[in-house]
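**Q** Okay, predicted coordinates and the sequence, questions at the end:
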Amino acid sequence: MKLSTNFDLKEFASADGKDPNAEVLRSHLKTPIHITSGYRSKEHNAKIGGALKSFHVLGMAADIQIKGMKPEQVAKAIELLIKEGKMQEGGLGIYRTWVHYDNRGTKARWTK
């Protein structure tokens with residue numbers, strides 16, 4: 001699948017064939033996921049007030065909304081999948097209308 005003029009989705013796939021974290025979450029919940037923010041350039045991140053060391057700038061984070069689910073419910077599902085070893089440990093932030101998840105490899109939790 002062509003992502004842009006120069007990139008194809010298969011170029012970003014894991015060589016071991018494992019599904020990306022968002023796909024694991026989608027499969028678990030059996031519902032569409034809306035990613036409101038994924039990769040951000042440093043300039044865009046600064047413009048919107050993102051954290052100085054945001055994992056979005058590294059392409060390692062996503063802000064997620066799921067129709068019909070509260071952010072706390074989405075976070076709970078992610079926590080379960082991390083515990084089961086199906087998603088990577090990382091940062092999990094609960095906001096008023098979305099959940100931030102990043103795959104930094106270490107546990108970090110916050111609520112805003």
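**A** Now that the structure is in, tell me what you want to look at. Because the structure is predicted, anything quoted here is derived from the model rather than measured.

**Q** so G93, which of the three states?
**A** Judged by DSSP: H, G, I helix; E, B strand; the rest coil, the three-state class of G93 is strand.

**Q** show me what contacts it?
**A** V99, H100, Y101, R109, W110, T111, K112 (CB atoms under 8 Å, 6 or more residues apart in numbering). For every residue, glycine as well, the C-beta is placed using N, CA and C.

**Q** could the residues you listed be laid out in CSV, adding pLDDT?
**A** Putting the contacts of G93 into CSV (pLDDT from 0 to 100) gives the following:
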residue, pLDDT
V99, 98
H100, 97
Y101, 97
R109, 98
W110, 97
T111, 96
K112, 90
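
**Q** Okay, and which of those residues map to strands?
**A** Among those, the members found in strands (DSSP state E) are V99, H100, Y101, R109, W110, T111.

**Q** Among those, which one lies nearest to R40?
**A** R40 has its nearest neighbour among those in H100, at 12.1 Å by CB to CB.

**Q** Please tell me how far the closest residue to the closest one other than its chain neighbours sits from D8.
**A** The shortest distance from H100 to any non-neighbouring residue, by CB to CB, 6 or more residues apart in numbering, is to G93 (3.8 Å). In this structure, G93 and D8 are 31 Å apart, going by CB to CB, to the nearest Å.

**Q** Where does the residue nearest the centre of the chain fall, secondary structure wise?
**A** By CA atoms, centre = their mean, the chain has its centre lying nearest to A62, at 3.1 Å. Element membership for A62, per DSSP states H and E: strand 61-65.

**Q** Name the next helix or strand downstream of that strand, please.
**A** Past strand 61-65, the next helix or strand by DSSP H and E is helix 71-83.
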